[in-house]
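Participant: here you go, sequence then predicted model.
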Amino acid sequence: MDLEELKRLQLKLATRASSGPLRGPVRLVAGVDVAYVSGKNRAFPAAVLLSWPGLEVREEQVLELTVSFPYLPGYLSFREVPLLVAVLSRLSRTPDLVFVDGQGRAHPRRCGLAVHLGVELGLPTVGCAKKPLVGDFEPPGPEVGARSPILLEGEVVGYVVRTRTGVKPVYVSPGHGLSADEAVDLVLAACRGYRLPEPVRLAHLCATRARKCARE
DNA sequence: GCGACAG
DNA sequence: ATCTTGTCGC
């Protein structure tokens, strides 16, 4: 792998990403995540389909695949996009929007996992990470719904959002097909008492559960 | 050179 | 991400 080559690809992908506004109604959403087996190249990508805005689980899919690309900060999408595309293709219906566990535009080259996946699928995506990658920001207020902008080179690429009182905030940034403000609204509307939005939280549980079963 | 660094 | 039990606090 040639990182300079991949950097150029990221810049190209970022150009193809739309910053919204969201087009069309959202009635079905999906959440994706990947669980790994310590050290090995085994991965368990999971996708959960839920109704919107009701958030009722409609379908779950999990796969056991081999990962070929290593984890490198700034290049996560080259490791996970292939896995996520594979598991999403297993769903019986195509979601109107996908919640991703990772950054969207809050990336050095504006091409985080959510951007890459969204452009690749041609579907709107929201990035919701548990930790920051780049940008400057202040901690959001203590009340649920509080947000503070993530600034990168003078641009608001996302928001640090308080989804639960007394709990660390999440880092929300748009992937493809929507604005940063819409991304925040969607994440808050997808939370049900936990730090992470339901689609991502359930996909995480699904992937972890699959890995556990596979080992027993 | 030093520190940072999604999952 | 993963390795891991109990424990403090709302």
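Facilitator: Cool, got the structure. Numbering: from 1, shown residues only, chains lettered A, B, ... in the order given.
Participant: show me where chain A has strands.
Facilitator: Assigned by DSSP state E, chain A shows strands spanning A:28-36, A:42-51, A:57-62, A:65-66, A:97-100, A:125-129, A:147-152, A:155-161, A:170-176.
Participant: so for DNA strand B, which of those strands sits nearest?
Facilitator: The closest of the strands of chain A to DNA strand B is strand A:125-129. By C-beta to the nearest atom of the strand, the value is 4.0 Å. Every C-beta, even on glycine, is put in place using the N, C-alpha and C of the backbone.
Participant: for that closest one, give me every contacting residue.
Facilitator: Applying C-beta atoms under 8 Å, 6 or more residues apart in numbering, the contact partners of strand A:125-129 are A:97-106, A:112-115, A:117-118, A:158, A:170-178, A:183, A:186-187, A:196-197, A:200.
Participant: and it, is it in reach of DNA strand B?
Facilitator: Yes - Strand A:125-129 comes into contact with DNA strand B (C-beta under 7 Å from any atom of the strand), by way of A:Gly127, A:Ala129.
Participant: stretch A:101-120 now?
Facilitator: Yes - on the criterion C-beta under 7 Å from any atom of the strand, stretch A:101-120 is in touch with DNA strand B at A:Asp101, A:Gly102, A:Gln103, A:His107, A:Gly112, A:Leu113.
Participant: I'd say the third one and A:Gly112 touch.
Facilitator: Yes - A:Gln103 is in contact with A:Gly112 according to C-beta atoms under 8 Å; the separation is 3.2 Å.
Participant: find residues that contact each of these two.
Facilitator: A:Gly127, A:Ala129, A:Leu133, A:Ser173.
Participant: give me the pLDDT for the residue nearest the centre of chain A.
Facilitator: Most central in chain A under C-alpha atoms, centre = their mean is A:Val100, positioned 1.6 Å from the mean C-alpha point. pLDDT, A:Val100: 98.
Participant: which strand residues bridge it?
Facilitator: Judged by DSSP bridges, the bridge partners of A:Val100 are A:Val32, A:Gly127.
Participant: enumerate every residue touching it.
Facilitator: A:Val32, A:Leu84, A:Leu113, A:Ala114, A:Leu117, A:Thr125, A:Val126, A:Gly127, A:Cys128, A:Gly175, A:Val200.
Participant: give me that answer again for 10 Å
Facilitator: A:Val100 is in contact with A:30-33, A:77, A:80-81, A:84, A:112-118, A:125-129, A:173, A:175, A:199-200, A:203, counting by C-beta atoms under 10 Å, 6 or more residues apart in numbering.
Participant: average pLDDT across the longest helix seen in chain A?
Facilitator: Across chain A, the longest stretch assigned as helix under DSSP state H is helix A:198-215. For helix A:198-215, mean pLDDT is 95.
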